[in-house]
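> Give me a 3D structure for the following:
(4 chains)
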2 protein chains.
Amino acid sequence: MSTIKQVASQAGVAQSTVSRVLNGGSVSKRTQERVLHAIETLNFKPNTLARSLATNRTGTFGMVVGDLAGPFFGSLMQEAEAVIRQHDKLLIIARGNSRATGEREAIEYLREKRCDVLLLQVDELTDAELIALSKDIPIVVMNRHIPELAGQCVYLDNQLGAELATSLLIERGHRHIAHLSGPMTRRDSQQRVAGFHAALARQPHPLEPAAIVEGDYQVEGGYAATCKLLADGVRFSALFSANDNMAIGAIEALREHNLRVPDDVSVIGFDDVFFARHLTPKLTTIEYPVAELGRIAAERALKLMDGTLEPTGLAPLAPRLITRESVINHQDADDTHI
Amino acid sequence: MSTIKQVASQAGVAQSTVSRVLNGGSVSKRTQERVLHAIETLNFKPNTLARSLATNRTGTFGMVVGDLAGPFFGSLMQEAEAVIRQHDKLLIIARGNSRATGEREAIEYLREKRCDVLLLQVDELTDAELIALSKDIPIVVMNRHIPELAGQCVYLDNQLGAELATSLLIERGHRHIAHLSGPMTRRDSQQRVAGFHAALARQPHPLEPAAIVEGDYQVEGGYAATCKLLADGVRFSALFSANDNMAIGAIEALREHNLRVPDDVSVIGFDDVFFARHLTPKLTTIEYPVAELGRIAAERALKLMDGTLEPTGLAPLAPRLITRESVINHQDADDTHI
DNA sequence: ATCATATTTGGAACCGTTTCCAATATCAAA
DNA sequence: TTTGATATTGGAAACGGTTCCAAATATGAT
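A predicted model of the protein is given here:
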């Protein structure tokens, strides 16, 4: 590995001059050529570490996600990384585990690595904590809306998504609709529940929820919650699951109780993860534009570095209904078990 | 952010002494206490960049994977990161895109970041290229066996996996078995094909493959390849797909041609990705212990750093048959379409 | 107390870059 | 030419640590 010093002596100039051609200072055409030639022949690559130490900027973005595996975060990382990479920056990722201590540790870790910006998908930290953090280091908040940090938040309109889902079920003639929610400590769960209520209430003859049962956003939780619903004797012809994972569990639970999907019970999910279209029946769901989320968050982060970020808030991302096979008209059901 | 200099003056010692208590040099108990106290009150955290510049070691491991999304690489990253993190090192990840140039760029990128070790999951680079690379920088090779780099390779016995799958189908009475392979440029595809052949040949009355058709390891490729199989009029009662993704596509194609799975055609996959158990029918498949792969690769990488890696090769990881619903006895099929 | 030896400490060079400041070269106008 | 302004260059001090070497101090045996 050759150093700037070697390049300088090879080209017969001072270190500072080499540095200037590297970073676009003013150098004469002649010396510029000489230096570039020396760089070429020595195959010189500036040492990132030394540069970072001198400039106090690392060109590294840090991202905190709940989990490294899983289709949702996978797409998020994939897209954000692509954008950031295009700008010759590095994205490093730390897992927050969806627990407050884990999230704090992850942030601490990334700061120790001297990231220039942080992209955060955190569920457990308070708004106040994030606002305080943003005074120390530039941050972009994903999947969450904090009014004080308007320009730095990229998030989905969860309530709208839930309304879309619920409205579809109502339109299809369902009157007894149950909701399988995420953990109620989480804001997105709350918003989806709110959307569920809103859609029911908006009807000419407002409907009551058949039931709302809390899950954990995992397949197992969806399975367990649905079993509970059935054990409690709740009557419903349609189920709105707050995410696709739980919808899988729900469908399996229904099947085991000899209820067919969608003939006996219609099911709608949320997220449109990769495998939703490959389930049987193909899952009707709400698309969560997660790739777009990743892209926009990365772009905001880049602007935050430039200082070109206007602090006006962005409109939330729009969820979209994806109609497949798991929801049918209530009257079409050939065995109206309700 | 406080510096080592401040700590030194606060504690009334030299910088070098502070450095010693940080890195475990010999210091008297008394001064050690003074220094630790100063570190505490100043909330001093050593600057990683400066340290790396001085020591020429970054404590960073680099990993190249084909893709950031996707269940397979997700688990791999997840597990490797956990292990590496436990040892207070950082894992950074670059996407190789399963193309030679992409893989080279990813490696180049990680080297520029001055990673201490590289964990590589690369399909397109030649053995020779990797052997050459390993002279420059310590590497661990995943999913691939290079005899010259025995101790640094962690890989699955693909052929055994394919034999397991094929043997199951044979045991279940199938005699016309088709194979949906991965891209034949890839070694794992070749090995799985070899295993397929080996299992067929090992029978008292050796069987011929009904067909071998090449896919791309994606759902779409599996779908297309299966359609082709059917269009060509190939007769088969069982299909061995070289991975679960393609098995999904295959099942969808079969359905569209009014063939039921498993009643008309048994299907077995490979990998046991997360959603395999959630398909209908639940997919019988070969477990690829990818988490274990990630863990072992990370451990090897750590040893490589210590210099405690004994160069003796490891036994390949063992695939395992996971029996679910998508394979049944041939004679049980209620409509023997062959 | 003395000496030899082992342990602890301080000082300074170094890692590879950027950047500030002063020095020099260049050039157009007087 | 000289002058002044401007563009280009070199030198040296950072950035925040580690590490080598020599000096200082402590330890223990005689």
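> got a list of what the residue in the stretch 201-338 of chain A that DNA strand C sits nearest to touches?
Proximity of the stretch 201-338 of chain A to DNA strand C (Cβ to the nearest atom of the strand) peaks at A:M305, 14.3 Å away. (Glycine included, C-beta is placed from N, CA and C.) Applying Cβ atoms under 8 Å, 6 or more residues apart in numbering or on different chains, one finds that A:M305 lies in contact with A:116-117, A:138.
> Run a quick neighbour tally on the residue in the stretch 51-200 of chain A positioned nearest to DNA strand C.
Proximity of the stretch 51-200 of chain A to DNA strand C (Cβ to the nearest atom of the strand) peaks at A:A54, 3.3 Å away. Residues near A:A54, counting by other Cβ atoms under 10 Å in any protein chain shown, number 11.
> What separation is there between A:V83 and A:G233?
Distance of A:V83 to A:G233, given as Cβ to Cβ, to the nearest Å: 50 Å.
> and these two? which has more neighbours close in?
With neighbours defined as other Cβ under 10 Å, A:V83 and A:G233 compare such that A:V83 has more, 19 against 6.
> surely that one meets A:R295?
Yes. Between A:V83 and A:R295 there is a contact at 5.5 Å, judged by Cβ atoms under 8 Å.
> For whichever strand or helix holds A:S19, the averaged confidence score.
Assigned by DSSP states H and E, A:S19 belongs to helix A:15-23. The average of the pLDDT scores along helix A:15-23 is 96.
> got any ranges where chain A has weak pLDDT?
A:332-338 (pLDDT under 70).
> quick one: the helices in it?
In chain A, the helices defined using DSSP state H lie at A:4-11, A:15-23, A:29-42, A:48-55, A:71-86, A:100-112, A:127-136, A:158-171, A:187-201, A:219-231, A:244-256, A:290-306.
> Please list the residues of chain A that sit near chain B.
Contact residues, chain A versus chain B (Cβ under 8 Å from any Cβ of the partner chain): A:45, A:47-50, A:52-53, A:58, A:67-71, A:74-75, A:77-78, A:81, A:90, A:92-93, A:95, A:112-114, A:219, A:248, A:252, A:275, A:278-280.
> Just the buried residues out of the residues you listed, in PyMOL syntax.
In PyMOL, the members of these classed as buried (16 or more other Cβ atoms under 10 Å in any protein chain shown) are selected with the following command:
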select buried, chain A and resi 47+48+49+52+53+58+68+69+70+71+74+75+77+78+81+90+92+93+95+113+114+219+248+252+275+278+279+280
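> How is chain A partitioned into domains?
With domains defined by automatic domain parsing, chain A comprises A:4-46, A:60-156+A:290-317, A:158-288+A:322-332.
> will you turn those into a markdown table that also has distance to B:H174?
Converted to a markdown table, the domains of chain A look like this (distance: least, Cβ to Cβ, whole Å):
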| stretch | distance to B:H174 |
| --- | --- |
| domain A:4-46 | 57 |
| domain A:60-156+A:290-317 | 33 |
| domain A:158-288+A:322-332 | 23 |
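> out of the ones you listed, which comes closest to B:A150?
Proximity to B:A150, assessed across the domains of chain A by Cβ to Cβ, is greatest for domain A:60-156+A:290-317 (28.9 Å).
> wait, does the closest one contact DNA strand D?
No. Residues of domain A:60-156+A:290-317 are not located near DNA strand D by Cβ under 7 Å from any atom of the strand, the shortest gap being 9.6 Å.
> residue contacts, A:Y155?
Per Cβ under 8 Å, 6+ apart, neighbours of A:Y155: A:141-145, A:293, A:316-317.
> A:G96 too?
Taking Cβ under 8 Å, 6+ apart, we find A:G96 in contact with A:64-66, A:102-103, A:105-107, A:121-124.
> Just among those, which is most surrounded?
Within these, neighbour counts (other Cβ under 10 Å) peak at A:V122, which reaches 27 neighbours.
> Wait, that one touches A:V64, no?
Yes. Under the contact definition of Cβ under 8 Å, A:V122 touches A:V64, with a separation of 5.9 Å.
> ok and the residue in the stretch 101-250 of chain A nearest DNA strand D?
Counting by Cβ to the nearest atom of the strand, the stretch 101-250 of chain A gets nearest to DNA strand D through A:R114 (9.6 Å).
> Can you tell me how far that residue is from B:I107?
On the measure of Cβ to Cβ, A:R114 and B:I107 end up 24 Å apart.
> Counting only strands, which of the contacts of A:Y155 make the cut?
Among these, the members found in strands (DSSP state E) are A:141-142.
> any chance of the contacts of A:Y155 in TSV, with distance to DNA strand C and neighbour count too?
Below are the contacts of A:Y155 laid out as TSV (distance: Cβ to the nearest atom of the strand, whole Å; neighbours: other Cβ atoms under 10 Å in any protein chain shown):
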residue	distance to DNA strand C	neighbour count
A:V141	29	25
A:M142	30	25
A:N143	35	25
A:R144	34	20
A:H145	36	19
A:L293	33	22
A:P316	38	16
A:L317	37	20
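> Nearest to A:A162 among the contacts of A:Y155?
For these, the closest approach to A:A162 (Cβ to Cβ) belongs to A:P316, at 13.1 Å.
> distance of A:G182 from chain B?
Using Cβ to the nearest Cβ, to the nearest Å, A:G182 is found at 19 Å from chain B.
> so how many other residues sit close to that residue?
Using other Cβ under 10 Å, A:G182 has 27 neighbouring residues.
> what residues are up against it?
Applying Cβ under 8 Å, 6+ apart, the residues near A:G182 are A:188-189, A:192, A:214-217, A:242-243, A:246.
> Which of the residues you listed has the largest number of neighbours?
Scoring the contacts of A:G182 on neighbours with other Cβ under 10 Å, the highest-scoring entry is A:A242 at 33 neighbours.
> how about it, what does it touch?
A:162, A:179-182, A:188-189, A:192-193, A:215, A:217, A:270.
> now A:N158
Here A:N158 is in contact with A:188, A:191-192, A:195, A:319 (Cβ under 8 Å, 6+ apart).
> rerun at 10 Å
By Cβ atoms under 10 Å, 6 or more residues apart in numbering or on different chains, the residues touching A:N158 are A:143, A:145, A:182, A:187-195, A:242, A:270, A:286, A:288, A:316-317, A:319.
> From DNA strand D, how far off is A:L293?
Distance, A:L293 to DNA strand D, by Cβ to the nearest atom of the strand, to the nearest Å: 35 Å.
> any idea which of the contacts of A:Y155 is the one closest to chain B?
Using Cβ to the nearest Cβ, the shortest approach to chain B within the contacts of A:Y155 belongs to A:L293, at 13.4 Å.
> my read: that closest one touches A:V141, true?
No. With contacts counted by Cβ atoms under 10 Å, A:L293 stays clear of A:V141, the gap being 11.3 Å.
> got any residues that touch both of the two?
Any residue near both A:L293 and A:V141 by Cβ under 10 Å, 6+ apart counts here, and that gives A:121, A:154-155.
> got JSON lines for the residues you listed, with distance to A:L168 too?
Shown next, in JSON lines, are the shared contacts of A:L293 and A:V141 (distance: Cβ to Cβ, whole Å):
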{"residue": "A:Q121", "distance to A:L168": "28"}
{"residue": "A:V154", "distance to A:L168": "26"}
{"residue": "A:Y155", "distance to A:L168": "22"}
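> of all the residues you listed, which comes closest to B:K29?
Ranked by distance to B:K29 (Cβ to Cβ), these are led by A:Q121 at 45.2 Å.
> show me what contacts the residue lying closest to that closest one once chain neighbours are set aside?
Counting by Cβ to Cβ, 6 or more residues apart in numbering or on different chains, A:Q121 lies nearest to A:M142, which is 4.5 Å off, once chain neighbours are set aside. By Cβ under 10 Å, 6+ apart, the contact list for A:M142 reads A:63-65, A:76, A:80, A:119-122, A:152-156, A:290, A:293-294, A:296-297, A:300.
> And the contacts of the helix holding A:S19?
By Cβ under 10 Å, 6+ apart, the residues outside helix A:15-23 that reach it are A:3-11, A:13-14, A:25-28, A:31-36, A:38-39, A:44, A:46, A:51, A:54-55.
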